[in-house]
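Q: Need a 3D model of the sequence below.
(one chain, ligands or ions: 1)
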Amino acid sequence: MGQAAPEIVFRTQGVTKVYQTGDVKVFALAGVDLELYTGEMTVLLGPSGSGKSTLLNILGGLDHATAGRVWFRDTELTDMPDRALTRYRRDHVGFVFQFYNLVPSLTARENVQLVTDVSPDPMSAEEALALVGLAKRMDHFPSEMSGGEQQRVAIARAIAKRPEILLCDEPTGALDSTTGVQVLEVLQDINSRFGTTTVIITHNAEIQRMAHRVIQFADGKISSVHTNETRLAPSEIVW
Ligand SMILES: Nc1ncnc2c1ncn2[C@@H]1O[C@H](COP(=O)(O)OP(=O)(O)OP(=O)(O)O)[C@@H](O)[C@H]1O
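A: Numbers count the residues shown, from 1 in each chain. So this is what the prediction gives:
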């Protein structure tokens with residue numbers, strides 16, 4: 001018997017995004033057809049300006065495509081009104097960005113509680129912080145933590161609502177390699193422990209070796225898709 005077909009979590013068809021500044025049009029995305037599968041860890045690679053963040057923002061409901069269609073499971077996101085898109089984002093998507101966007105006047109625990117207070121079925125802030133290895137730092141303020149620790153608080157905040165999807169835009173971009181690997185280990189652990197569909201944008205080609213699939217972008221299009229036969233553990237990745 002063959003393996004069951006993978007379950008599609010996102011599908012895009014001809015997604016285009018045009019930014020217009022005065023007379024100048026920039027095609028940030030120029031026709032992207034893509035399927036992402038439940039539980040998969042996907043790395044998006046490509047030069048600066050090739051459209052990776054634009055696609056991530058559209059998948060995460062932070063932005064609308066100019067043309068083309070986008071589905072999250074059976075729900076079409078394409079023309080969803082902003083209120084519904086906000087609900088979609090709140091209920092299903094966790095975001096991790098390069099700069100951690102923590103509230104400086106709140107402790108790690110309080111930063112995570114901002115999310116757990118408004119989610120229907122959250123884990124506790126304590127549980128989320130323990131999952132990212134910060135059980136002992138819960139009452140520290142961001143200024144008392146290293147970059148990697150702050151990013152782990154940001155990941156705890158993103159996962160505390162138990163999202164099906166975790167979208168990470170350059171999560172290690174501001175970190176040295178040792179700290180970056182710790183953050184990747186947390187992402188790997190969340191992906192395998194909870195089956196959270198995870199998308200990671202990176203400029204660091206080494207990181208692709210931990211992914212199930214690697215999608216390469218060039219000029220607003222997908223230039224190649226590669227499935228890794230074997231994956232490396234984050235601790236085996238060096239940069
Ligand atoms: N709000 C905006 N207004 C105008 N142009 C934009 C806007 N956002 C993105 N762009 C342009 O769209 C193109 C794609 O940008 P995008 O950020 O998606 O690329 P990227 O591959 O994520 O790049 P990077 O790796 O540098 O983050 C770029 O040419 C960028 O300048």
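Q: For the most centrally placed residue in the chain, report the pLDDT, please.
A: What sits nearest the mean C-alpha location of the chain, by Cα atoms, centre = their mean, is Leu167, with 1.3 Å. With respect to pLDDT, Leu167 has a value of 97.
Q: if I pick it, what's in contact with it?
A: Leu56, Leu59, Gly60, Val93, Gly94, Phe95, Val96, Val199 (Cβ atoms under 8 Å, 6 or more residues apart in numbering). Glycine gets a C-beta too; all of them are placed from N, C-alpha and C.
Q: Which of those residues lies at the shortest distance from the ligand?
A: The nearest member of the contacts of Leu167 to the ligand, counting by Cβ to the nearest ligand atom, is Leu56 at 7.6 Å.
Q: my guess is that closest one contacts Glu170, does it?
A: No. Leu56 lies out of contact with Glu170 (Cβ atoms under 8 Å); the separation is 10.1 Å.
Q: which residues are common contacts for those two?
A: In contact with both Leu56 and Glu170: Ile201, using Cβ under 8 Å, 6+ apart.
Q: Quick one: distance of stretch 106-121 to the chain centre.
A: 19 Å (Cα atoms, centre = their mean, to the nearest Å).
Q: pull the CA atoms of that stretch into CSV?
A: Extracted C-alpha coordinates of stretch 106-121, given in CSV (Å, rounded to 0.1, in the frame of the first residue of the first chain):
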residue,chain,number,x,y,z
LEU,A,106,6.1,43.4,30.4
THR,A,107,7.9,40.3,31.6
ALA,A,108,8.2,37.2,29.4
ARG,A,109,5.2,35.7,31.1
GLU,A,110,3.1,38.8,30.7
ASN,A,111,4.1,39.1,27.0
VAL,A,112,2.8,35.6,26.4
GLN,A,113,-0.3,36.3,28.5
LEU,A,114,-1.3,39.0,26.1
VAL,A,115,-2.2,36.2,23.8
THR,A,116,-3.4,33.5,26.2
ASP,A,117,-5.8,36.1,27.7
VAL,A,118,-7.7,36.4,24.4
SER,A,119,-7.4,32.9,22.9
PRO,A,120,-10.2,30.3,23.1
ASP,A,121,-8.1,27.2,24.1
